[in-house]
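S.K.: Coordinates for the following, if possible.
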Amino acid sequence: MASRPAIQDPGAIAPGPVVETTGGRLRGATRTGIHSFKGVPYGTSTAGAARWLPAKPAAWNGVRDALDYGPRAPQNERPSQEPHLKWIRDTRPFSEDCLVLNVWTPGVNDHAKRPVMVYVHGGGFIAGASSAAGIDGTNLAQRGDVVVISLNHRLNLFGFLHLGDAEGGRYLDAGNIGMLDVVAALRWVRDNAAVFGGDSANVTVFGQSGGASKVALLAAMPEAKGLIHKGIIQSASSMLRMGEVEAVTRNTRLFMEQAGARDIAALREIPADRLLAAMRATITAAGRVDEFRPVVDGRALPTQPFHPDALAISARVPLLMGNCETEAAFAFSQEPSNFALTAEQVQARVKRFVNCSDSQAADLIALYQKSRPGMSPGQIFARIHSDHMYRRSVTRAGELKAAAGGAPAYVYHMTWKTPVLDGVLGTPHTMCLPFVFGNVDVAAGLTGNGPERYALQDRMMGAWIAFARTGNPNHAGLPEWKPYNAAERPTMIFDNDCRVVNDPRREERLAFESLPPYVMEAIGRR
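M.R.: Numbers count the residues shown, from 1 in each chain. As a prediction, this is how the structure comes out:
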C-alpha cells in the first residue's frame, strides 16, 4: 500500500518568474517547485460585435500578472456545494471575455522539451470551467515532469449557435465557434510551449465528459491537425454524433423566437443574461437539451467523429479512452430517490431510456442482476444507464479506431468504488479525474480519506503521463496493456487490483448489440 505522497503538500506560494509569450510578458507564481500562470488570455473579448465570430489573438503591454484564474464562459450552471460535487465546480463570475488558459510547469526557458498535456473541461457543451479545485495541474506537472495546460472557451448559445449564411456568410463558423476557440488555444500552445519548457511537437489533449467529446471532435477537425499528437477520452457519452444542420437550424429558430430577436444584429445587442434565459426557454420548448452543441457543417467539422474520413485526419494520433462503472450515479446523487426505485420503476425507466420493449427491458435487468445478487433495483439501473450512455460509446469508438489502422487505441474501465455516501455511488462520473490529476485529497468529498487511494493514484497518473510521453500507457506499476482490438478487447481495469481483462462483462456488452444505440444513429456500422 502506498503512503501519502509528498506531492499532496500544497506548500507556500511565492512570486514566480516572468516569461515572454507571443501576446506579451507574464508574471507567474511558484508552489512546490511548480510555476503557474493563470488566467492567461489567448483570445480577445467575444462580447458585442465579436459574438459568434473567431476571436483575435490577445496581446498586452508591460508585464501582466497571471496569478488567478480568469472568468467562466457565460452559462446557466449553478454550482453545487455538496462535498462529493463541490471539488469539480467553480463559482467564479461569468464574462464574454473568457478566452483564457492556465499553465503549470516545472521549468521555464530551460529547453527541456517536456510533454505538454492540455486539459479541456467537462460540462457538456453548455457549462463548466477549467478553474475547479480538483483539476489544478500542480501535482500532475510535478509527478510527471510535464507541462499541464487547461483552458476556457465559449459554450452553449455563445459557442454553438448555428447561424448559417446570415449576413453574407459572416457567421458560417458560428455553430462550431466554441471548438474553434479550443483550436485557437492549441495554436497558442504550439507557439508558446517552448517558453514554458514544453515540446510543441508532443501535445496530448485530454478531457472528461463533455471535454472528452471535445477531444474526439478535435481529432476530426482539419484545423486541429498537427496541433494534437495524442488524445485521451475520459467518460464521453456524446462523442459519436454531433448536431445535424436541420436539427440545429430548427433550434436556432426557436432560440431567436424566445429571445425576441428578428436577426443577428438584434441578438448582438441583447445582454448575456437575457440570452441565457432565452436558451433555458428554448430547451424547454424544444423538449431536448442537446442541440446547443457542435454541428457537422462541412467546414470546421466535415463529418461525424469516428467516421472513416475523420479517422483519416487523426490516423497518426493514438487514443486512450475509457469510462467509469457507474457514471450515472453522479447525476442520480443529486436526487437520492433514484437509489430507492422499485423493481417496477426500474423496468419502466430502462424501457424508456434504452428505447426497448418491456420484455427486452426485463431481460436486460435480469442479466445485470445475475452477476450482482442482492443489489438494489436503483443500483442496477445506475449500471444499465451507465453502460448504455457511456460504455457503448467507448467500445464502439475503440472498435472503429482499431479497425481504421494507424495509431492504436487503449481502453480502460474504472471500477474503484468510493466509500462516501455509504458507498451508494460506486464509481461515478468524474471519479477518474482526482486520480489522474493527483488530487485525491482535494476531492476527498468524492474519494473519501482512505490510504488505498494513493496507490491507484500513482498507477493512473503514471499511465496518463507515460501515454503523454510516448503514446503508450504502459509503465512498471501496471500489468501489460495491449492496444484495443475487436477480437480480444483488452481492457485495463483500474481498481485497487489493476488488471487487464479481455472483453470484460461480455454478456452485458452483447446484450446491447440488438438494442437501439444511445446516440441518434450508429456511426460506421454496416
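
S.K.: In the stretch 151-300 of the chain, mark out all the strands, start to finish.
M.R.: 198-208, 230-234 (DSSP state E, counting those that start in this stretch).

S.K.: which of the ones you listed is buried the deepest?
M.R.: strand 230-234 (a mean of 27; mean count of other Cβ atoms under 10 Å). For glycine as for every other residue, the C-beta is placed from the backbone atoms N, C-alpha and C.

S.K.: Can I get the strands of the stretch 151-300 of the chain in JSON lines including mean pLDDT?
M.R.: Formatted as JSON lines, those follow (pLDDT from 0 to 100):
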{"stretch": "strand 198-208", "mean pLDDT": "98"}
{"stretch": "strand 230-234", "mean pLDDT": "98"}
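
S.K.: how about those strands, which one is nearest residue 374?
M.R.: The closest of the strands of the stretch 151-300 of the chain to residue 374 is strand 230-234. By Cβ to Cβ, the value is 30.2 Å.

S.K.: Can you check what angle separates the closest one from strand 198-208?
M.R.: Relative orientation of strand 230-234 versus strand 198-208 (axes from the mean of the first three to the mean of the last three Cα atoms, to 10 degrees): 20 degrees.

S.K.: first vs last residue of stretch 82-99, how far apart are they?
M.R.: Start-to-end span of stretch 82-99 (Cα to Cα, to the nearest Å) is 28 Å.

S.K.: With residue 54 as the reference, name the closest of the strands of the stretch 151-300 of the chain.
M.R.: strand 198-208 (19.6 Å).

S.K.: Sheet-wise, list the partners of the closest one with their directions.
M.R.: strand 114-120 (parallel), strand 230-234 (parallel) (DSSP bridges).

S.K.: May I have the shortest one exported as PDB, CA atoms only?
M.R.: As requested, the backbone C-alpha atoms of strand 230-234 are provided in PDB (Å, rounded to 0.1, in the frame of the first residue of the first chain):
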ATOM      1  CA  LYS A 230      -2.200  12.200 -28.700                       C
ATOM      2  CA  GLY A 231      -5.800  12.200 -27.300                       C
ATOM      3  CA  ILE A 232      -7.300  10.900 -24.000                       C
ATOM      4  CA  ILE A 233     -11.100  10.500 -23.900                       C
ATOM      5  CA  GLN A 234     -12.500  10.000 -20.300                       C
END
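
S.K.: quick check, residue 15 in a strand?
M.R.: Yes - assignment of residue 15 by DSSP: H, G, I helix; E, B strand; the rest coil places it within a strand.

S.K.: in this protein, what residue sits furthest out from the centroid?
M.R.: Within the chain, the residue lying farthest from the chain centre (Cα atoms, centre = their mean) is residue 359, at 35.1 Å.

S.K.: Next, work out how far apart that one and residue 153 are.
M.R.: For residue 359, the distance to residue 153 (Cβ to Cβ, to the nearest Å) stands at 45 Å.

S.K.: Check residue 280 too.
M.R.: For residue 280 relative to residue 153 (Cβ to Cβ), the value is 21 Å.

S.K.: do residue 352 as well
M.R.: From residue 352 to residue 153 the distance is 34 Å (Cβ to Cβ).

S.K.: From the neighbour counts alone, determine which of the two ranks first.
M.R.: With neighbours defined as other Cβ atoms under 10 Å, residue 352 and residue 153 compare such that residue 153 has more, 31 against 10.

S.K.: which residues touch that one?
M.R.: 73, 98, 99, 120, 159, 178, 179, 181, 182, 185 (Cβ atoms under 8 Å, 6 or more residues apart in numbering).
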